[in-house]
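S.K.: generate a structure from the sequence data that follows.
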Amino acid sequence: MANTPTTSRGHSAKTLAAAGGLVVFAAVMLLVAGVLGICRGIMGIARDEVFVRTPHYIFQFDVTAWGWLHLIFGIIAVVVGAALFKAPLWGRIAGVAIAAVVILLNFLSLPYYPFWSLIAVAISGFVIWALCIISPADMQ
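M.R.: Modelled structure (predicted):
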């Protein structure tokens, strides 16, 4: 039976590699979600007739306002996604928080652009999963 090298905390090299891989996965997915949000925001601001109008939606906002929200949170998602490549704890916390906000934004704008909203919700869900599956102690 071969001995697996361990760190001072008793974690194997495989555990550390998996943890690092999941953080990189989350960073890339958050960057993708951010770029999609930026594109969606620009669409909402420039050409709001691209989006479906729902007359009796309870969370009804001006589509241009939705565009600005998606643009702002898309930019924040790109910044946090880029910060995750260095894998600090604050980046992981901010990554989970911004992914949760992106899920909420896309859920609320589901009637305006349903297919894209579902894709953004799924991507953000994967980001939250990847950032929460490995504990911060495993990263050290």
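
S.K.: so what's Leu84 closest to, chain neighbours aside?
M.R.: Ala27 (3.6 Å; Cβ to Cβ, 6 or more residues apart in numbering). All C-beta spots, glycine's among them, are computed from the backbone N, C-alpha and C.

S.K.: how about the contacts made by the one you found?
M.R.: Shown in contact with Ala27 (Cβ atoms under 8 Å, 6 or more residues apart in numbering): Gly81, Ala82, Leu84, Phe85, Gly95.

S.K.: which SSE is it in?
M.R.: helix 13-46 (DSSP states H and E).

S.K.: list the buried ones in that helix?
M.R.: 15-16, 19, 22-23, 25-27, 29-34, 36-38, 40-41, 43-45 (16 or more other Cβ atoms under 10 Å).

S.K.: hmm, back to that, could I get the contacts of Ala27 in JSON lines, plus columns for secondary structure?
M.R.: As requested, those are exported to JSON lines (DSSP: H, G, I helix; E, B strand; the rest coil):
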{"residue": "Gly81", "secondary structure": "helix"}
{"residue": "Ala82", "secondary structure": "helix"}
{"residue": "Leu84", "secondary structure": "helix"}
{"residue": "Phe85", "secondary structure": "helix"}
{"residue": "Gly95", "secondary structure": "helix"}
